[in-house]
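Asker: my questions concern the predicted model and sequence given below.
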Amino acid sequence: YHLLASHFTRSFFKMLLAAPISYHDFQTDDPQLHRSKVKYMLEKDIDDAGLDLTMTEEEYGANGKLLKTIPLVPGGDKVPVKEWNKKRYLTLLARYRLGLLPQPHLPSGICPQMRAVAE
């Protein structure tokens, strides 16, 4: 047998322990996203930013048009992100990036790897 050195993220350990996952986990799991988006949103007033409860995956068609916008909640494209709910948006974003939110493009709604971990 050989030992395999590996590194697991804090959010992965939290999933194993059934602990809640939030935007705070980006600080260690994805420092670049934390610096560029999370920290900015937490420090600034975003009432007029024009955001909604969707996640945009950068997938473009041949004409350069964005093809994929995923609602983080049902009807998320109609829910504006404001000061009062920006932490909810960031937590939903964290859960989506970890495969913990329902994903309409998958038959079971949740990515199979995360379902296996949860079980």
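Answerer: It's in.
Asker: now the strands for this structure?
Answerer: For the chain, the strands identified by DSSP state E occupy 54-60, 66-71, in order along the chain.
Asker: where among these is average confidence lowest?
Answerer: When these are compared on mean pLDDT, strand 54-60 scores lowest, with a mean of 71.
Asker: tell me how many other residues surround the closest residue to residue 47 other than its chain neighbours.
Answerer: Once its chain neighbours are removed from consideration, residue 47 has its nearest residue in residue 82; the separation is 5.1 Å (C-beta to C-beta, 6 or more residues apart in numbering). Where C-beta positions appear, they are placed from N, C-alpha and C, glycine not excepted. In terms of burial, residue 82 registers 14 neighbours under the definition other C-beta atoms under 10 Å.
Asker: now the helices for this protein?
Answerer: With DSSP state H as the criterion, the chain has helices at 10-16, 26-29, 31-33, 39-43, 86-97, 112-118.
Asker: one step back: any idea how far the residue nearest to residue 47 lies from residue 52?
Answerer: Applying C-beta to C-beta, to the nearest Å, one obtains 10 Å for the distance of residue 82 from residue 52.
Asker: again, but for residue 26
Answerer: Note on residue 26: its distance to residue 52, by C-beta to C-beta, is 20 Å.
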